[in-house]
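> My questions concern the predicted model and sequence given below.
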Amino acid sequence: MLTKTSSCCMPQTNDKALARQYFIKLRRQSVLAGLGGLIWLGLGLTGVLPSLLTMSGLVSYLALGCGTLFLMVYAGAHFYVGAYRALRIHLATMDTLIAIGTGAAWVYSMLVIVFAHHMPLTARHVYFEAALIIIALVNLGALLELHARQHTSEAIERLIKLRPKTARVIRGNQELDLPLADLQVGDLIRVRPGEQIPVDGVMVEGESNIDESMLTGEPIPIHKKISDQVMSGTLNKTGSFIFKASQIGEETVLGKIIDLVKQAQHSKPALARLADKISAYFVPAVLLVAILTALIWFNVGVEPKMVYMMVTSMAVLVIACPCALGLAVPISVMVGIGKAAEYGVLIRHADALQQAGKLTIIVLDKTGTITMGKPMVTEILAVPSQDEKRVLQLAASLERGSEHPLAAAIVNAAHEADITLTTVTAFTAISGKGVCGVLDGHTVYLGNLALMEQQHIVVDEVQERVEQLQGQGQTVTYLAEDNQLLGLVAMADIIKPDSKQAILKLQQMGIKVLMITGDHQAQAQAIANQVGIKTVLAGVLPAEKSTKIKALQADGSIVGMAGDGINDAPALAQADVGFAIGAGTDVAIESAGITLMRSSLQGVVDAILISRKTTQNMYQNLLGAFIYNLLGIPIAAGILFPVTGILLNPMIAGAAMAFSSVTVVGNANRLRYFKIRDSAS
């Protein structure tokens, strides 16, 4: 059986101070155990210690042995406690293997010191350095994992900061700034330009453009009027308005998103450590071999039987100590994370690095992930009597004084085309329809079809093209002068240049690609068709995204999620691997296991390729480490003694242990020369 957690994992606590203290303690334990092991290696190589057969040697080694025990207990107590707890419930874990191996190394070494005169020359060797270095290496692996996990709570903190601390509440004839905790359902609340909306509600007076991108991910602010719903955490861009509170506290949309992130981060099961899986079978096997070795030497061994029985059985436990095993996974993880960083892929959790290569489905948010995340002018169409440059000039001149969400896109397009704008007088915003103003003595209108119909402007000659553009998910505005149509300006959140290619690569790698968005089905499908995605989850509310991920996981799929917005945070945390686009919100980044520094889906491809190569490297290292054990254990048991008279030459054992570690490190470093582009082609 296996344990689900390891004793060296970070304790479950929300206290950042306690977590920091644990991190510092684990780092100190790793450093001291490592230094102790290096000192022992230095003493062995230089030969400065006196012979074990002398009184001064006996005293020196006993003193150093006691010092080693102190370091082992200080730096590795959690392993011994974990092994004891596992034993009580009949489990075998990596802790068990470390405790038995390091404990046997120390006990055997002390017996060698005390009974040196009775030990065969080939067995007269201490293994203190092995015990300390093993503890240091395994602690180092836990330290790296802990460092990556320390920021998981920051996503929730950033979400909470979206809530303003107070709200301006209208009670009677007074307007009071009250803490959110004092708000009640039914309160009338005033929101001024530039303020965040404190709770959910329904607008009862005024109108405004509300930036909901922090919740919905959609880049274009939404025009809100009386009877429209507003959500907590969103930003009021323009006008002042009053709304009636309908949900407060944890019942708001933002409150539910915070709760979903918490649930996903705490409920996602930690991956069972690969070494623990092997230990469940390896530990009992080693103990059985040690017992059989002792029985064989006691019954058919040479004299003195008791000495040889003790030497061989203890040697089996010592040689099984996971020195190379302690390095096998951490060294691959370190090199793999470094390689990923070269390609702008930041791995926040070691589990994410391992899981990314196993993904069967990847769910991509639309806005800001597949698309650029902001509206841009995609087409300017002029009627035959006009030219496109003048259409853009008039539209941008008019929009320069507008607060309409799409105004900036038109003005930016004019600046990029180096067009000089004209002064507008009598500028008027027509609610829900568009704007108008006077330019060079002519009245110019810019807006939707409703505005054209209101002014009795005929648009039949461009209507076919308008329908085509709208079918592609684009927003179209008409431009008219003195009741005559001049042309139109089309805008859309355009697809990133490399999105289609990256999606194709993911599909070629055997991964099913889905798109998820809050957009309507028609708009979403138009984008999906352009990038080659067949399955679209459209009209999905922010709180529903994580539910969709759970449904996919329930079918046995290993699901990845890529997104950039606050509305993606619960889904990123719920997914087996979350990919946060680096240009996205801090909350999305803190909720994901992998952050892509480039605002490109190619980073998802790179991360998966690196994960697959790194996981393959881990398996190779573990296989190499256990081959070393499988070869070393029979020699330690004395299989060569009848033929050669050799039990286990300490020099050979030391060289083999060193060679196994060097092999593991060398194999892991092959990842440094791994070329992603070669693998992807």
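Cool, got the structure.

> could you pull out the helices for the stretch 351-500 of the chain?
388-399, 407-416, 449-454, 460-471, 499-508 (DSSP state H, counting those that start in this stretch).

> what inclination does the second one have with respect to helix 388-399?
Put plainly, it is helix 407-416. 130 degrees (axes from the mean of the first three to the mean of the last three CA atoms, to 10 degrees).

> hey, C-alpha coordinates of helix 407-416 in CSV?
Only the C-alpha atoms of helix 407-416 are listed here, as CSV (Å, rounded to 0.1, in the frame of the first residue of the first chain):
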residue,chain,number,x,y,z
ALA,A,407,-13.7,54.4,-29.8
ALA,A,408,-10.0,53.7,-28.9
ALA,A,409,-9.7,51.1,-31.6
ILE,A,410,-10.8,53.5,-34.3
VAL,A,411,-8.6,56.3,-33.0
ASN,A,412,-5.6,54.0,-32.8
ALA,A,413,-6.1,52.8,-36.3
ALA,A,414,-6.1,56.5,-37.6
HIS,A,415,-2.9,57.2,-35.6
GLU,A,416,-1.2,54.1,-37.1
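
> Contacts for that helix, please.
For helix 407-416, the surrounding residues in contact (CB atoms under 8 Å, 6 or more residues apart in numbering) are 374-377, 380, 392-393, 395-397, 399-400, 421, 477, 489, 491. Heads up, the C-betas are built off the backbone N, CA and C, glycines and all.

> again, only using 10 Å
219-220, 374-378, 380, 389, 392-402, 404, 419-421, 435, 446, 475, 477, 479, 489, 491-493 (CB atoms under 10 Å, 6 or more residues apart in numbering).

> Could you point out the longest helix of this protein?
helix 602-637 (DSSP state H).

> wait, doesn't M509 sit right on R612?
Yes. The criterion here is CB atoms under 10 Å, and M509 meets it with R612 at 8.7 Å.

> check contacts around the spatially most central residue of the chain.
The C-alpha lying nearest the average C-alpha coordinate of the chain belongs to G593 (CA atoms, centre = their mean; 0.7 Å). Listed by CB under 10 Å, 6+ apart, the contact partners of G593 are 148-149, 152, 268, 346-353, 355-356, 560-561, 572-573, 575-580, 607.

> What's the separation between it and V577?
Plainly put, G593 is 5 Å away from V577 if you go by CB to CB, to the nearest Å.

> Between the two, which contacts overlap?
With CB under 10 Å, 6+ apart as the test, G593 and V577 both reach H349, D351, A352, L353, Q355, A356, G560, M561, A607.

> now those residues in TSV, with distance to A341?
As requested, the shared contacts of G593 and V577 are exported to TSV (distance: CB to CB, whole Å):
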residue	distance to A341
H349	14
D351	17
A352	14
L353	12
Q355	18
A356	15
G560	19
M561	21
A607	11
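
> which of those tops the neighbour count?
M561 (33 neighbours; other CB atoms under 10 Å).

> Check the secondary structure at it for me.
strand (DSSP: H, G, I helix; E, B strand; the rest coil).

> and L398, how many neighbours does it have?
Using other CB under 10 Å, L398 has 28 neighbouring residues.

> Same check on I160?
Using other CB under 10 Å, I160 has 13 neighbouring residues.

> right, and it touches E250 too?
No. Taking contacts as CB under 10 Å, I160 lies outside contact range of E250: 11.4 Å.

> any common contacting residues for those two?
With CB under 10 Å, 6+ apart as the test, I160 and E250 both reach I258.

> OK, contacts around the residue lying closest to F427 once chain neighbours are set aside?
Leaving aside its chain neighbours, F427 sits nearest to G437 (4.1 Å; criterion: CB to CB, 6 or more residues apart in numbering). With contact set as CB under 10 Å, 6+ apart, G437 has these partners: 394, 397-402, 422-429, 443-446.

> now L178
So L178 contacts T166, A167, R168, V169, R171, Q184, D187, I189, P198 (CB under 10 Å, 6+ apart).

> Can you flag which of the residues you listed belong to strands?
Counting by DSSP state E, the members of the contacts of L178 that fall within strands are T166, A167, R168, V169, R171, I189.

> which residues touch the first one?
Right, the one you point to is T166. Neighbours of T166 in contact, by CB under 10 Å, 6+ apart: L176, D177, L178, P179, L180, D182, L183, P198.

> Good, wrapping up.
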